[in-house]
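**Q** what would the 3D arrangement of this be:
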Amino acid sequence: MKRLLLLCSVFILFTVSASAQKEKPWTEWSEKDAIKVMTDSAWAQTQKELTDADNSPSPGITAVAGKREASSSAVEKNTESGETMGRRTSLTINYYMAFLSAKPVRQAFVRYLEIKTPDTPADKASERRGFIDRDFSEYIVVALKLDGTDKKKLAPAMQLLGGDPTAFKDTAYLERKDGKRVALIDYRTPDQLGAKFIFPRTFEGKPFLDANSGEVRIYLEIGKTKLSRRFKVADMMYDGKLEY
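**A** Below you'll find the predicted structure:
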């Protein structure tokens with residue numbers, strides 16, 4: 001009974017937090033609100049990779065904020081240095097994937113910077129806000145950022161992202177529920193926003209996504225790591241508009 005009450009409390013807290021992000025003006029978002037939009041929202045998800053201290057993959061290798069795509073009978077427990085699965089200490093890499101071309105993600109990024117750098121000169125702050133209204137009418141842009149405790153594996157992954165911009169040409173795509181895909185057309189190496197994977201916004205003369213698309217999947221390969229996140233298109237509405 002206590003477990004059921006705890007699960008209900010967590011669900012209610014998540015629901016209230018998610019709805020607050022859509023109801024409050026972005027200029028009133030807290031730092032926590034902004035981070036959530038960029039990492040765990042209708043437009044962003046986090047995929048976590050677990051490895052043992054010797055860098056061998058652990059069972060249940062991927063996890064997402066809010067849900068799992070692979071499971072394990074091992075017990076996972078967060079620690080400051082990594083994660084404990086049963087009695088084995090594991091290290092982590094977090095892959096944060098977000099639709100940068102979705103306006104709320106850009107708002108969250110700007111809001112986060114405004115909270116962190118409140119003394120920014122007015123002209124610079126105004127210029128930064130201009131990023132929110134940038135034109136993405138021709139492209140879908142997915143931003144990818146990495147962090148984690150597995151420094152030995154994180155460094156090569158970052159090196160891959162900062163290397164040959166054509167390396168992901170055949171290993172990155174967006175896929176609708178009906179199986180239709182759009183392939184990568186451009187790639188930009190990481191900056192403050194992360195690495196940027198750029199896809200066309202139209203497919204066969206029409207917008208790639210609409211209200212009836214059901215789901216959209218981001219698929220990326222970073223070395224031997226396969227990243228795959230599914231998003232419900234119906235949840236991507238913002239201010240009466242489909243944002244992606």
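**Q** pLDDT value on the closest residue to residue 107 other than its chain neighbours, please?
**A** Leaving aside its chain neighbours, residue 107 sits nearest to residue 26 (3.9 Å; criterion: Cβ to Cβ, 6 or more residues apart in numbering). C-beta: built from backbone N, CA, C; applies to glycine. pLDDT, residue 26: 97.
**Q** neighbours of residue 26, how many?
**A** 19 (other Cβ atoms under 10 Å).
**Q** which pLDDT value goes with the closest residue to residue 235 other than its chain neighbours?
**A** For residue 235, ignoring the flanking residues on the chain, the nearest one in space by Cβ to Cβ, 6+ apart is residue 42 at 4.0 Å. The score at residue 42 is 98. That number is its pLDDT.
**Q** now swap in residue 56 and tell me
**A** 56.
**Q** name the helix or strand for the residue sitting nearest the centre point of the chain, please.
**A** Taking Cα atoms, centre = their mean as the criterion, residue 97 is the residue nearest the geometric centre of the chain, at 2.5 Å. Assigned by DSSP states H and E, residue 97 belongs to strand 88-99.
**Q** quick one: mean pLDDT over stretch 179-196.
**A** 97.
**Q** what residues of it count as buried?
**A** Along stretch 179-196, these residues count as buried under the neighbour rule (16 or more other Cβ atoms under 10 Å): 182, 184, 187, 193-196.
**Q** and the helices in this structure?
**A** 2-23, 31-39, 103-116, 122-129, 151-161 (DSSP state H).
**Q** can you give me the buried ones in the strand holding residue 97?
**A** Those would be 90-99, for strand 88-99 by 16+ other Cβ under 10 Å.
**Q** that one vs helix 31-39, what angle?
**A** If you take axes from the mean of the first three to the mean of the last three Cα atoms, to 10 degrees, strand 88-99 sits at 80 degrees to helix 31-39.
**Q** partners of strand 88-99 in the sheet?
**A** Sheet neighbours of strand 88-99, with direction, are listed as strand 44-52 (antiparallel), strand 83-85 (antiparallel), strand 139-148 (antiparallel) (DSSP bridges).
**Q** what about that strand, average pLDDT?
**A** For strand 88-99, the mean confidence score works out to 91.
**Q** report the distance from that strand to the chain centre.
**A** Relative to the chain's own centre, strand 88-99 is displaced by 11 Å; criterion: Cα atoms, centre = their mean, to the nearest Å.
**Q** just the CA trace of that strand, in CSV.
**A** Provided in CSV are the C-alpha atoms of strand 88-99 (Å, rounded to 0.1, in the frame of the first residue of the first chain):
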residue,chain,number,x,y,z
ARG,A,88,28.5,-4.2,-9.0
THR,A,89,29.6,-0.6,-9.3
SER,A,90,28.7,0.9,-12.7
LEU,A,91,29.7,4.0,-14.5
THR,A,92,27.4,6.0,-16.7
ILE,A,93,27.2,8.1,-19.8
ASN,A,94,24.1,10.3,-20.4
TYR,A,95,23.0,11.1,-23.9
TYR,A,96,20.6,14.1,-23.9
MET,A,97,18.6,14.4,-27.2
ALA,A,98,16.4,17.4,-27.8
PHE,A,99,14.5,18.9,-30.7
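**Q** relative to helix 103-116, how tilted is that strand?
**A** 110 degrees.
**Q** okay but residue 233 is in contact with residue 217, surely?
**A** No: using Cβ atoms under 8 Å, residue 233 is not in contact with residue 217; the gap is 10.9 Å.
**Q** so which of the two has more stuff around it?
**A** Legend: neighbour count by other Cβ under 10 Å for residue 233 and residue 217, higher for residue 233 (19 against 14).
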